[in-house]
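Visitor: prediction below, plus the sequence it came from.
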Amino acid sequence: MSESLVTHTPGTLAPALLRRSLGDALEMVHGVDAVALEERAASLAKRSLKKESKVWGLKLAISMMDLTTLEGKDTRGKVHALCQKAMRPDPSDPTIPHVAAVCVYPTMVPFVRQALKGSSVHIAAVATGFPSGQTYTSVKVQETRETVAAGADEIDMVIDRGAFLSGNYQKVFDEIAEVKEACGPAHLKVILETGELANYDQVRKASLIAMFAGADFIKTSTGKVTVNATLPVTLCMLEAIRDFQHVTGKKIGIKPAGGISNAKLALSYLVMLYETLGGEWMNPDLFRFGASSLLNDVLMQLRKERTGAYQSGDYFTMD
Amino acid sequence: MTELETRERLTPGPASSAVVWEYAPSLESTDHVKVASRYNLFIGGKFVEPHSKKWFPSLNPATEEQLSEIAEADKQDVDKAVAAARQAYDKVWRRISASDRAKYIYRIARLIQEKARALAVVETLDGGKPIKESRDIDIPLAAAHFFYYAGWADKLEYAFPNRNVAPVGVAGQIIPWNFPLLMAAWKLAPALAAGNTIVLKPAETTSVSAMFLAEILQEADLPPGVVNIITGAGATGAALVSHDGVDKVAFTGSTDVGKRIQRSLAGTKKKLTLELGGKAPNIVFEDAPLDQAVEGIINGIYFNQGHVCCAGSRLFVQESVVEPVIRKLRERIQTLRVGNPLDKNTDVGAINSKAQLEKIRELVESGVDEGAEIFQSSCALPQRGYWFAPTFFTGVSQSYRIAQEEIFGPVLSVLTFRTPEEALEKANNTPYGLSAGVWTEKGSRILKMAQQLKAGVIWANTYNKFDPTSPFGGYKESGFGREGGLHGLAPYVVLS
Amino acid sequence: MSPRLAVRKTYKLYINGEFPRTESGRYYTVTGKGGELLANASRGSRKDLRNAVVAARKALGGWGAKTAYNRGQILYRIAEVCESRAAELVDELRRQGSPAADARREVEAVIDRWVYYAGWSDKYTQLFGSVNPVAGPYYNFTVPEPTGVVGVVAPEEPALLGLVSRIAPAIVGGNTVVALTSEKQPLAAITLGEVFETSDVPAGVVNLLSGIKSELVPWMAAHMDVNAIDTTGVDTQAIATVQKTAAENVKRVVHFDAAGIGWDDTRRSQGPYAIFDFQESKTVWHPIGM
């Protein structure tokens, strides 16, 4: 499918006036060569960042984190502690920024709102029958509305993988559009659950459907399945974002989530972002990490850069 | 929270202007590597001074500083080397068991692995290629070639069924400067496995890794004279090729010199293989996975600064996808990091020599003069050293010099086509025939193109992939004979 | 001054990269030429065999997915480690009854055989694969693929060389192996397990069981998850029964008759055909057209 079949001049149409259809998305679908994609991701991961460039990247990574807790056993207390960590990741170092957002289940939103009062850390919540998404569209829409009303700035929704895998792309598209509407002023991240999609071709297709349906961000994973974010799958999504921007002029954000366990890997993601989409994406409005244990590893790396010595986990609080 | 409140919270900060992220230099350490200030010839298992007592400088092309001094072998030295090879052949190498031959070659492979990092540093210092390439491609492949052919040494009866297999004798081998150690491995390994002894002449601008290899051969206890390494320039090579004591000549280099060698061997009984230049077509169809195809294009022409005989230097794009391909190419070229080859983040290193840089400049100028449209990466180039920014030309006609002649630099010519048949015709319309690339999702088209393309190596949905098991070599003026795989043994045996 | 008191080695099984005792707790006595006690070797049980097959099956995917080059490197590494432990292996063979010169020759042949097969890893495909010129616009090629889990019954003698000669061609081709060692002389074979474990051989690729062959062979022959069985070390009288039992899941039955051939005969006791014995052939068709 050739992008040049889209006849308007890129970036000239006001987004509000554009009626997007599933057809627009499917037109831009074409194959993705897995071997070459993975090679490219691996070669980007070989970049070596030192000194100031490394410290800058690590601090940026912190400012891009959605500190997350999504467990059945979450409580007000747990969420409150997480929010303290979110606002002041390392009390001993004032140059360390606060994270981008705290991400929780809908019923935890009021506690987060309370804990984050006066801070610029955003309130993100999952909704739409997270993580499986196997429930009624009406329920998903209602859940979204109520969660936004409770104070969420951002909604992380899941796509209907069952519909997608059985070829019912219209359902996937329409559902995203409905949830986007229910978001009101809140930003919508659409989770593709790449670990459940068969291959990169499907990841590209799902990315394009999500973006044309109204996503502000596309996100790799719920973090609840075996395979979550990987460098190549994220690269595939970045390439879809790039193509989407060329055709519509709109910049969509990206959030790899789950499986980003250490600072080195986080930096590789940022390198990949920088060399694929460029400097304009290097901020929390267009890139997030969905992570929990990553933060402490980044803090340890930063302290190592500052002091010159390798660190121990004993010196960093869990929350 | 009111909608207004929420909206205020969410308004992005001041217009996020594009951030520029400077990766600090990440230099490969060189302090564990000792390059001697002067090297001699390696003959009969020992380092001996050149008969002429002349040495010539070898420069680091990234800094123009002298890296070392290399011995200049003259006719007498060539005589000595060939005699040593003959002696070793008659007295030792053709007498020991095949499985012992194998063991020696395995030792060489292992030693290369053990010294991999030092060899990679040397290769980068001497030739200008990025450390990331010498470390991850050149050196590992060199070891792998010795490993592969070591395994054939005692299995030749299976490679040539129903024939008595004997070595040819003394092989004279001349290698180029673009993959110095790797080319040495490509030449030495099959020759040794088949039982030949060798006199090897490395390229004059990149002889240092060959000297390190000589030390490895000593460490492996390879019987003296089995491999001799004589350094020097064109005259040394000519003397080697024309020596009566040489039974087989193997040459990798320019087509011009290859033809000269072929002429000079006429009337003699010497066996010959040639691996010469190329002007490979890289063909992108409209259904190709575009981003990966662009990676393939980039890798095809900018890998190793374009100093690759099989470089995809003629890009053929199906007209229906010219716009996105060129756009993506332009964006991607800007992310190529050109600079200090010792920096682990460098993608494109230095041009190997001043002479080569002049050649590239001349041809690029001709492209502009003939009317092609030039696009060059806006990367900053270091002050000292030999550098050329990654470049591509659009609006190129088949007849332009940049579409006909091998540039051997980071310069791509872009042409278009409408139908596959047209692409085939244009792709084959060249005296060269070393390699080709095909990018399409359609399997049958890959196979059809592969069937029709007149090239010795065809890459489908990939480019510049090499493996010791995979035969490599050209059609037409790109040379004859194959290196790698079972086929790579044939030039080094006599069947009866 | 009294002689130093030795710390005697316990000879266990080698399964899934570990050295467990037999789950049955039974042992049998291994004696030297003069009847002296050498060791209480594990008397492997059918359950040990079952566990070994599970380990071999699990290891199959990973071992087959390695590049041929990698597998060759690992076999070469086995040779290196055997070389460095040569003295120990020679000693065990001697204690089991081999004259010194024979033991040394056997160990040298073992090392050379590993090197030999290492060299085949990335070549046998070029021998046994092919591109077939079918009469039609199709690209047609045949590739060899590993058969799967191979059961090996090693010959009684030579205890080490015989075992290695049957294991090496199976694993270099991407198969995984469950092997029954020589019954009377299992010691050097079990030490070989230590060699595998220190040579980058992934857990489960080779599994070694000592024990009474007449107890274990019928279970191996009948096991539905063993794809091929090498009967080289099976008693001549028992072979027909093994073949019959093996038919239950159409096992490939392979036998090397060493009668009249020296085990260290490098022409006839080793070769690529031994690898091909444990390979399937897959042929693929694809149209050629624009």
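Guide: On my side now, so go ahead.
Visitor: list the contacts of the closest residue in space to residue B:490 that isn't next to it in sequence.
Guide: Leaving out its chain neighbours, the residue that sits closest to residue B:490 by Cβ to Cβ, 6 or more residues apart in numbering or on different chains is residue B:482, at 7.3 Å. Glycine gets a C-beta too; all of them are placed from N, C-alpha and C. The neighbourhood of residue B:482, defined by Cβ atoms under 8 Å, 6 or more residues apart in numbering or on different chains, consists of B:456, B:471, B:472, B:473, B:488, B:490, B:491.
Visitor: and residue B:482, what's its pLDDT?
Guide: As predicted, residue B:482 sits at a pLDDT of 97.
Visitor: got the phi/psi numbers for residue A:176?
Guide: Main-chain dihedrals, residue A:176, degrees, to the nearest 10: phi -60, psi -40.
Visitor: OK, contacts around it?
Guide: By Cβ under 8 Å, 6+ apart, the contact set of residue A:176 is A:157, A:159, A:188, A:190, A:209, A:210, A:213, A:214, A:215.
Visitor: ok, residue B:187 next?
Guide: Neighbouring residues of residue B:187 by Cβ under 8 Å, 6+ apart: B:171, B:173, B:175, B:198, B:200, B:250, B:252, B:483.
Visitor: among the residues you listed, who's most crowded?
Guide: The most crowded member of the contacts of residue B:187, judged by other Cβ atoms under 10 Å in any protein chain shown, is residue B:171 (30 neighbours).
Visitor: okay, now the closest residue to chain B within the stretch 201-319 of chain A: neighbour count?
Guide: Residue nearest to chain B within the stretch 201-319 of chain A (Cβ to the nearest Cβ): residue A:279, separated by 3.4 Å. Applying other Cβ under 10 Å, we find 14 residues neighbouring residue A:279.
Visitor: and the pLDDT for it?
Guide: Residue A:279 carries a pLDDT value of 95.
Visitor: go on, the one 10 residues further on?
Guide: With respect to pLDDT, residue A:289 scores 97.
Visitor: what about the residue in the stretch 151-300 of chain B that chain C sits nearest to, which helix or strand?
Guide: Nearest residue of the stretch 151-300 of chain B to chain C, counting by Cβ to the nearest Cβ: residue B:151, 2.5 Å away. Counting by DSSP states H and E, the element that carries residue B:151 is helix B:139-152.
Visitor: what mean pLDDT does that helix have?
Guide: 98.
Visitor: before we move on, what about stretch B:43-62?
Guide: 97.
Visitor: chain center to that stretch, what's the gap?
Guide: When C-alpha coordinates are averaged (Cα atoms, centre = their mean, to the nearest Å), stretch B:43-62 and its chain have centres 23 Å apart.
Visitor: gap between the two ends of it?
Guide: End-to-end distance of stretch B:43-62: 31 Å, with Cα to Cα, to the nearest Å as the criterion.
Visitor: for the residue in the stretch 101-250 of chain C that chain A sits nearest to, which residues make a bridge with it?
Guide: With Cβ to the nearest Cβ, the shortest gap between the stretch 101-250 of chain C and chain A falls at residue C:143, namely 18.2 Å. Counting by DSSP bridges, residue C:143 is bridged to residue C:282.
Visitor: if I look at it, how far off is residue B:324?
Guide: Using Cβ to Cβ, to the nearest Å, residue C:143 is found at 37 Å from residue B:324.
Visitor: is any residue of stretch A:26-43 near chain C?
Guide: No. Using Cβ under 8 Å from any Cβ of the partner chain, stretch A:26-43 stays clear of chain C, with a minimum separation of 14.0 Å.
Visitor: helices of the stretch 51-200 of chain C, start to end?
Guide: Counting by DSSP state H, counting those that start in this stretch, the stretch 51-200 of chain C has helices at residues C:68-84, C:86-95, C:100-118, C:124-128, C:159-172, C:187-197.
Visitor: same list (these) but as JSON lines, adding distance to residue B:364 and mean neighbour count.
Guide: Shown next, in JSON lines, are the helices of the stretch 51-200 of chain C (distance: least, Cβ to Cβ, whole Å; neighbours: other Cβ atoms under 10 Å in any protein chain shown):
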{"stretch": "helix C:68-84", "distance to residue B:364": "39", "mean neighbour count": "20"}
{"stretch": "helix C:86-95", "distance to residue B:364": "61", "mean neighbour count": "19"}
{"stretch": "helix C:100-118", "distance to residue B:364": "48", "mean neighbour count": "21"}
{"stretch": "helix C:124-128", "distance to residue B:364": "42", "mean neighbour count": "19"}
{"stretch": "helix C:159-172", "distance to residue B:364": "51", "mean neighbour count": "27"}
{"stretch": "helix C:187-197", "distance to residue B:364": "57", "mean neighbour count": "23"}
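Visitor: want to throw the ones you listed into CSV with distance to chain A?
Guide: Below are these laid out as CSV (distance: least, Cβ to the nearest Cβ, whole Å):
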stretch, distance to chain A
helix C:68-84, 17
helix C:86-95, 39
helix C:100-118, 27
helix C:124-128, 20
helix C:159-172, 26
helix C:187-197, 29
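Visitor: so which of those helices is nearest chain B?
Guide: Among the helices of the stretch 51-200 of chain C, helix C:124-128 comes nearest to chain B, with 4.9 Å by Cβ to the nearest Cβ.
Visitor: output the contacting helices and strands for the longest helix belonging to chain A.
Guide: Counting by DSSP state H, the longest helix found in chain A is helix A:231-248. Judged by 3 or more Cβ pairs under 8 Å, 6 or more residues apart in numbering or on different chains; DSSP states H and E, helix A:231-248 is in contact with helix A:34-44, helix A:200-213, strand A:217-219, strand A:253-255, helix A:263-277.
Visitor: next, format the ones you listed as a markdown table and append mean neighbour count.
Guide: Output for the helices and strands packed on helix A:231-248, formatted as a markdown table (neighbours: other Cβ atoms under 10 Å in any protein chain shown):
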| stretch | mean neighbour count |
| --- | --- |
| helix A:34-44 | 18 |
| helix A:200-213 | 25 |
| strand A:217-219 | 27 |
| strand A:253-255 | 24 |
| helix A:263-277 | 21 |
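Visitor: nearest to residue C:133, out of these?
Guide: Checking these against residue C:133 by Cβ to Cβ gives helix A:34-44 as the closest, at 28.1 Å.
Visitor: that closest one: what's the following helix or strand?
Guide: Using DSSP H and E, the helix or strand that follows helix A:34-44 in sequence is helix A:51-63.
Visitor: of all residues in the chain, which one is nearest the centre?
Guide: No chain specified, so I'll use chain A. Central residue of chain A (Cα atoms, centre = their mean): residue A:255, 1.8 Å from the mean position.
Visitor: wrong one, I was asking about chain C
Guide: Nearest to the mean C-alpha position of chain C, counting by Cα atoms, centre = their mean, stands residue C:167 at 2.3 Å.
Visitor: separation between that one and residue B:216?
Guide: Taking Cβ to Cβ as the measure, residue C:167 falls 32 Å from residue B:216.
Visitor: was I right about the residue of the stretch 101-250 of chain C closest to chain A contacting residue C:125?
Guide: Yes. Counting by Cβ atoms under 8 Å, residue C:125 is a contact partner of residue C:143 at 6.6 Å.
Visitor: list the contacts for the spatially closest residue to residue C:173 that is not a sequence neighbour?
Guide: Leaving aside its chain neighbours, residue C:173 sits nearest to residue C:275 (4.7 Å; criterion: Cβ to Cβ, 6+ apart). Shown in contact with residue C:275 (Cβ under 8 Å, 6+ apart): C:117, C:120, C:124, C:169, C:170, C:172, C:173.
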